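Novice: Quick one: sequence and predicted model below, then my questions.
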Amino acid sequence: MPTLLVIDDEESLRYCFRRIFEGDDVQVLTAATGTEGLNQVRKHRPDVIVLDLHLPDVPGLSVLREIHATDPGRPVILITAHLTPITTLECESGEPFEYLTKPVDLERLSKALARAFDVAHTCTR
Amino acid sequence: MNRRLLIQVSAPTVVIGLLLFSACIGSAWYIHRLQTNLASVLTEHLASQKAAQELELDVRQLRYHSFLYLIDPSPDRQRKIQQDHEHFELALALARRLAITTAEQQCVDEIEDGYRQYRGELERLLQSSARERSRGDLARLAEAHPLRKVTDHSQTLLRLNEEMMDGISEESARVSRQANLVLILLGFVGSACGLFTGYGVARGLSRSIYRLGVHVKDMADRLDQDVASVSVEAEGDILGLDRQLEQVVRCVEEVAERQQQHQREMLRAEQLSAVGQLAASVAHEVRNPLMAVKMLVEVTLRSENRKPLNLDDLRVIHREIARLEQTVQGLLDFARPPTPQRSDFDIGKLVTDAVDLVRARARQQKVELLVIMPQDQVVLAQVDGAQLRTVLVNLLLNALDAMPGGGSLEVALETSSLTGTRLTVSDTGPGIPPEIIRRLFTPFVSTKATGTGLGLSISRRIVEEHGGRLTGANLPAGGACFTISLPAVTNANLTAELPVRCI
């Protein structure tokens, strides 16, 4: 079953992702910190990862780079609450699958996730 | 100039000067004494010479008058002879008094002997009658031995005196030569000592300058770590030291300028970063709950809705809305000081406290503090003492910042039951620049290199929270003036009980 890992320190957002996307077709895993997220990645090898740029322990970009270091093609969707020209450049430098600004449109998020799962599926296959 | 250097420079000069001065005084005294002795001896000898001359003259006159009288006796001629005798005896007494040497005294004795013999002879002839006088007697008298003896000895006395005068003249010449020699020697010794002392002092100074130069070089080397372009050599002369110091001063100025620039940049960066941080935390605190609410609502609104909102969803939405409210309140609290905790407060005490806080700094900056307030009444107002004191201290510090080179700072408290309480802070600084006078109370506007630009905006808000006004203006005579006006609330007149307050 395709797996989605959400790494975000916001408890309510983790709840929302589980509530909306978890079902018979997708398994949703969550992590509140970067370290916990990386552990989940190693343990469960999720298909798609949603990653908050601002995490309490390590910067989101470091987490992204670490994921890509071992698994270069893994689709990672970056989300941030504060998109400035500088954070945009930072996001681009990490070459995420997509970056979105909070509050994200559900429509847009769903489409991005769908495309990400397609890419992940192709990779795996 | 430090004490050691002063002693090093002046002590040798003073010692040499004193030595030369005493040598000069000694020489002058010696020469003066010699001259005085010489003059007194000379005077005595001159008088003695004159006396000898007079003796000879008188004796010749006496002989002449005696002959005339012997040839043709008359009372008139007899009187003349009498006068000649008196003159001669006076001159003889003078010559005796002035005769110092034995030779002179012998001469005078001989003269007196001759005179006595001559006088005896003459007396004898005068008493005899004219007939008894023979031509032979007259001829004998003319060639009389005693008189010749007088004239001869008078001449001897004269010659003796002349010889002595010659001796004195020689002595005088010798003394004069000696004095000349002493003076020339003094001149040489003085110059040599001066040169020697000068050389010593110059050498000492040069060594001090060299040592100073080495310190300056050390300092320059230390500065060199900050400013790469400095190179200073330790030299031993004043000009070199001057050059070195100029270089160091330039260096220090450069370093200070850099420091100031750095500080300004840091401050600006801090301001920006504070604003940026505020914005970022606001974004985080608002956008995260918004996203949660949005996602849950949107999923419910979707046409293919398979998951309508359940109770848990609503709880999350409710929690996030509460969080948003909290954020908004927090933001307002951040931007706004807490509501004043008002109570009856002695504004005079508030002024005294605030002024006491800045007194040390004012003294350091040589700013004169002037506090004017009603001496006979307590000015009470319903204020938050701590907040209002912050405002006043802020105004006082602004005024002090405007007068780094000293000036006068006046705090005046006025109160009236009609207009309320007014606190005025006026300085003698350069005043508020015209370009910012309109934006004076706008946040982040500051004329100070190290100002945050928040003091006046927060101060105004605090005063307004108290229902008052804070205004700023330039004084016609120069300087700035800020006024806190508080509405009249309570004004207790307690004249009788209160001691006079003095600042």
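Specialist: Thanks, I have the structure now. Numbers count the residues shown, from 1 in each chain, chains lettered A, B, ... in the order given.
Novice: Can you give me the neighbour number for A:Thr88?
Specialist: The tally of other residues near A:Thr88 (other Cβ atoms under 10 Å in any protein chain shown) stands at 13. Bear in mind the C-beta positions are built from the backbone N, C-alpha and C, glycine included.
Novice: what residues are up against it?
Specialist: Applying Cβ atoms under 8 Å, 6 or more residues apart in numbering or on different chains, we find A:Thr88 in contact with A:Tyr99.
Novice: Return the distance of it relative to chain B.
Specialist: In this structure, A:Thr88 lies at 14 Å from chain B, with Cβ to the nearest Cβ, to the nearest Å as the measure.
Novice: so how far is B:Val378 from that residue?
Specialist: Plainly put, A:Thr88 is 62 Å away from B:Val378 if you go by Cβ to Cβ, to the nearest Å.
Novice: Also B:Arg315?
Specialist: B:Arg315 sits 58 Å away from B:Val378, taking Cβ to Cβ as the criterion.
Novice: Kindly report the same for B:Gln127.
Specialist: When distances are taken as Cβ to Cβ, B:Gln127 and B:Val378 turn out to be 136 Å apart.
Novice: The two: which has the busier surroundings?
Specialist: Under the neighbour definition other Cβ under 10 Å, B:Gln127 and B:Val378 were set side by side, and B:Val378 has more, 20 against 8.
Novice: Just say helix, strand or coil for the more buried one.
Specialist: Counting by DSSP: H, G, I helix; E, B strand; the rest coil, the backbone at B:Val378 sits in coil.
Novice: these two touch, right, it and B:Asp346?
Specialist: Yes: using Cβ atoms under 8 Å as the test, B:Val378 is close enough to B:Asp346 to be in contact (5.7 Å).
Novice: give me the element the residue nearest in space to the middle of chain A is part of.
Specialist: Taking Cα atoms, centre = their mean, the centroid of chain A lies closest to A:Val50, which sits 1.4 Å from it. When secondary structure is defined using DSSP states H and E, the element that contains A:Val50 is strand A:48-52.
Novice: Give me the sheet partners of that strand and which way each runs.
Specialist: Strand A:48-52 has the following strand partners under DSSP bridges: strand A:3-7 (parallel), strand A:76-80 (parallel).
Novice: Reformat those strands as a markdown table; add mean neighbour count and distance to A:Leu29.
Specialist: Rendered in a markdown table, the data for these read as follows (neighbours: other Cβ atoms under 10 Å in any protein chain shown; distance: least, Cβ to Cβ, whole Å):
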| stretch | mean neighbour count | distance to A:Leu29 |
| --- | --- | --- |
| strand A:3-7 | 24 | 5 |
| strand A:76-80 | 25 | 14 |
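Novice: and of the ones you listed, who's closest to B:Leu46?
Specialist: For those, the distance to B:Leu46 is smallest for strand A:76-80, at 129.5 Å, taking Cβ to Cβ.
Novice: Report the mean confidence score over stretch B:60-72.
Specialist: Here stretch B:60-72 scores 80 as its mean pLDDT.
Novice: Extract the CA atoms of that stretch and return them as PDB.
Specialist: Listed next in PDB are the C-alpha coordinates belonging to stretch B:60-72 (Å, rounded to 0.1, in the frame of the first residue of the first chain):
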ATOM      1  CA  ARG B  60     108.200 131.000  48.400                       C
ATOM      2  CA  GLN B  61     105.500 133.600  49.000                       C
ATOM      3  CA  LEU B  62     106.600 134.000  52.600                       C
ATOM      4  CA  ARG B  63     110.200 134.600  51.500                       C
ATOM      5  CA  TYR B  64     109.100 137.100  48.900                       C
ATOM      6  CA  HIS B  65     106.800 139.100  51.400                       C
ATOM      7  CA  SER B  66     109.600 138.900  54.100                       C
ATOM      8  CA  PHE B  67     112.100 140.500  51.700                       C
ATOM      9  CA  LEU B  68     109.700 143.300  50.800                       C
ATOM     10  CA  TYR B  69     109.000 143.900  54.400                       C
ATOM     11  CA  LEU B  70     112.700 144.000  55.300                       C
ATOM     12  CA  ILE B  71     113.400 146.400  52.500                       C
ATOM     13  CA  ASP B  72     110.400 148.600  53.200                       C
END
